[in-house]
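Peer 1: this one's structure only:
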């Protein structure tokens, strides 16, 4: 690192700028979403349609204004790294770190999508979220858990039965 301290400094500054840029792009988008009428300014008046539209547009603008420059920067950094002589790269094990233990593994996204489907099927897509009762939300979550158990539980049960049957046939 001593030999390439300038590159390390550029990397740190680039990471800080990317983080700050992501925050400011989101702040800008929120202000514009309210001023253009994409979403109501009061959260109690948001519908599921407003929420999904807001999330998808937010992801689009973040990817467009922050994601693309970050990917371009990462490609440039990777090309620089690959051009370093082997002896300078030795000792650095990029991409082979320990596995992370945090995160939901996509379960939160799966449940959000399932909740959107449930709200749509119930005919509450354009109803303000403010009108949802606690019983409706909890009942929806229980229904989603049931859907998940059926969708994933049946194949798991079939696989388990097949495995047990296969193991029983072994001498």
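Peer 2: Here it is on my side, so go on. Because the structure is a prediction, the values reported are computed rather than measured.

Peer 1: which element follows the helix or strand of the chain with the lowest mean pLDDT toward the C-terminus?
Peer 2: Least confident helix or strand of the chain, by mean pLDDT, DSSP states H and E, is helix 86-89 with a mean of 77. Where DSSP states H and E defines the elements, the next helix or strand beyond helix 86-89 is helix 107-121.

Peer 1: is it true that residue 49 touches residue 124?
Peer 2: No - using C-beta atoms under 8 Å, residue 49 makes no contact with residue 124, being 10.4 Å away. C-beta here means a position set from N, CA and C on the backbone, and glycine is covered the same way.

Peer 1: Could you list the domains of the chain?
Peer 2: Domain assignment for the chain by automatic domain parsing gives 1-92, 104-171.

Peer 1: and the first one, how far out from the chain's middle?
Peer 2: Think domain 1-92. Put simply, domain 1-92 sits 13 Å off its chain's centre (C-alpha atoms, centre = their mean, to the nearest Å).

Peer 1: And for stretch 113-123?
Peer 2: The answer for stretch 113-123 is 20 Å, by C-alpha atoms, centre = their mean.
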